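In: Got a sequence here, can you model it:
(one chain, ligands or ions: 1)
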Amino acid sequence: MDQDTIVGVIGSGAMGAGIAQVAAVAGHKVVLYDNNNAALDNAKTGLSNTLQKLQEKGKLKNAEEILTRFTFANELNTLAHCTLIIEAIVEKLEVKKAVFAELEKIVSDTCVLASNTSSLSITSIAAACNKPGRVLGLHFFNPAPLMALVEVIPAVQTDDTLIPVAKQLMQQWGKTPVVAKDTPGFIVNRIARPFYGEAIRIYEEGIADMATIDWAMTEIGGFRMGPFALMDFIGHDVNYVVTETVFQSFFYDPRYKPSFAQKRLLEAGWLGKKSGRGFYNYAEGSSMPQANKDETLGTNIFERILAMLINEAVEALHLNIASHEDLETAMTKGVNYPKGLLKWCDEWGADKCLEKLDGLYHAYHEDRYRASVLLRMIVASRRS
Ligand SMILES: NC(=O)c1ccc[n+]([C@@H]2O[C@H](COP(=O)([O-])OP(=O)(O)OC[C@H]3O[C@@H](n4cnc5c(N)ncnc54)[C@H](O)[C@@H]3O)[C@@H](O)[C@H]2O)c1
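Out: The predicted structure follows:
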């Protein structure tokens, strides 16, 4: 894969259109395909407007020329001459498998097939293909043109030589690639779960209200957004579904258990900012709840959530989900954490983190709070 790579993108929704923009700006010819004409028209207008705006802001000089690199297609056959195809359609395994199987009938034997799935197994998508060695995950973050991180995920069947080539191409696109094992949630969507789940747990137990938890995580913790504001921003249709999928895919590990508080919001159609109501009420004239800015309470909340996040990162390292460096890059570039969680563990103290987790485990007697064996090993080795 190089500058001559002709990129096909399947699905012209939020992610597909964003990925298509990144590839075209990087100089590739791009075929953007969707089976819904309205979605395709929308993407066409959106891309044209975005590129013009970027030019007005001085961020690029050749919007018109970049636009000529696109072909908008409503027939799969139009992708026949592409040499890399990135799929970004609806998050349903059977639909993705069917599309990959169809694609193989029309593309060349050397065309690389990638999926942008957030939570499905790349291995099971590859299994739908006759040549599974050419399939991999390329997981972009939303919005794709702005977020630097791309998780590169080899399936069990992926040809080893494809990974360095894919990483290099992502770098050429101005992205920061990290390599993740094909396990649920890959890196970011796995390690970030307690940011939401533990915050909701604290709220459900009545330890603090959401405004106080958001205040603790932003003011004391230094996160850009608090968990409740962030979940409302992402949308509960997306955030809850990722949590539920990760929970199911981990064979119902209690660490990832979804909450009723968030499930009910989804059922009510209170999807967050986009629907005017989520955890918070965004209707005009409604006032935001005020935080209880008690330092001791705030520190307890922050340390409880941080300990759970660090535990996830340490466990991911222990299970070789990614390298130390890639785990740190993923959390700082994929979800803008103020620092890498492994570095945070060192700065705060692995012993303090373990003490916090063991305290929770002792209090709740729940597997959810079990500390990673690697965290115990780190503390033991530092003591000796
Ligand atoms: N939205 C995010 O934050 C995000 C982030 C990373 C990855 N993803 C993943 O990216 C993928 C797409 O997500 P999205 O948010 O862009 O969805 P979206 O609903 O905005 O867009 C999906 C598009 O795919 C089209 N589509 C559906 N089935 C199709 C088919 N069989 N053939 C051709 N086109 C089809 C739809 O018409 C729609 O335009 C999903 O796998 C999702 O998990 C989403």
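
In: C-alpha only now, for contacts and for neighbours.
Out: Will do.

In: host element of whichever residue of the stretch 101-250 of the chain sits closest to the ligand?
Out: Evaluated by Cα to the nearest ligand atom, the stretch 101-250 of the chain has Thr117 as its residue closest to the ligand, separated by 3.7 Å. Following DSSP states H and E, one finds Thr117 outside all helices and strands.

In: So it sits against Glu91, correct?
Out: Yes. At 6.6 Å, Thr117 counts as touching Glu91 under the criterion of Cα atoms under 8 Å.

In: Give me the pLDDT for Arg382.
Out: The per-residue pLDDT reported for Arg382 equals 85.

In: correction: Glu64
Out: Value for Glu64, per-residue pLDDT: 95.

In: got a list of what it touches?
Out: Contacts here follow Cα atoms under 8 Å, 6 or more residues apart in numbering; on that basis Glu64 touches Gln52.

In: just use 235 as the starting number from now, easier for me
Out: All set: I'll call the first residue 235, so the last point we hit is now Glu298.

In: so where's the stretch 335-484 of the chain uncertain?
Out: Using pLDDT under 70 as the threshold, the predicted model of the stretch 335-484 of the chain has no low-confidence range.

In: Residue numbers of it in contact with the ligand?
Out: Counting by Cα under 6 Å from any ligand atom, the stretch 335-484 of the chain comes close to the ligand at Asn350, Thr351, Ser352, Phe374, Phe375, Asn376.

In: What separation do you get for the fourth one and Asn311?
Out: The one in question is Phe374. 25 Å (Cα to Cα, to the nearest Å).

In: picking up where we left off before, mind checking the backbone torsions on the residue of the stretch 335-484 of the chain closest to the ligand?
Out: Comment: the main-chain dihedrals of Thr351 come out as phi -50, psi 140, following degrees, to the nearest 10.

In: I'd assumed Tyr571 was in a helix, is it?
Out: No. Using DSSP: H, G, I helix; E, B strand; the rest coil, the secondary structure at Tyr571 is coil, not a helix.

In: Quick one: neighbours of it, just the number.
Out: Residues contacting Tyr571 under the criterion other Cα atoms under 10 Å number 19.

In: do the same with Ala517
Out: By the other Cα under 10 Å criterion, the neighbourhood of Ala517 contains 11 residues.

In: before we move on, what about Ala556?
Out: Counted with other Cα under 10 Å, Ala556 comes out at 20.

In: Check Leu464 too.
Out: Neighbours of Leu464 under the rule other Cα under 10 Å: 18.

In: likewise the one 3 residues further on?
Out: Using other Cα under 10 Å, Phe467 has 16 other residues around it.

In: ok now do it, which residues does it touch?
Out: Phe467 makes contact with Gly506, Lys507, Lys508 under the criterion Cα under 8 Å, 6+ apart.
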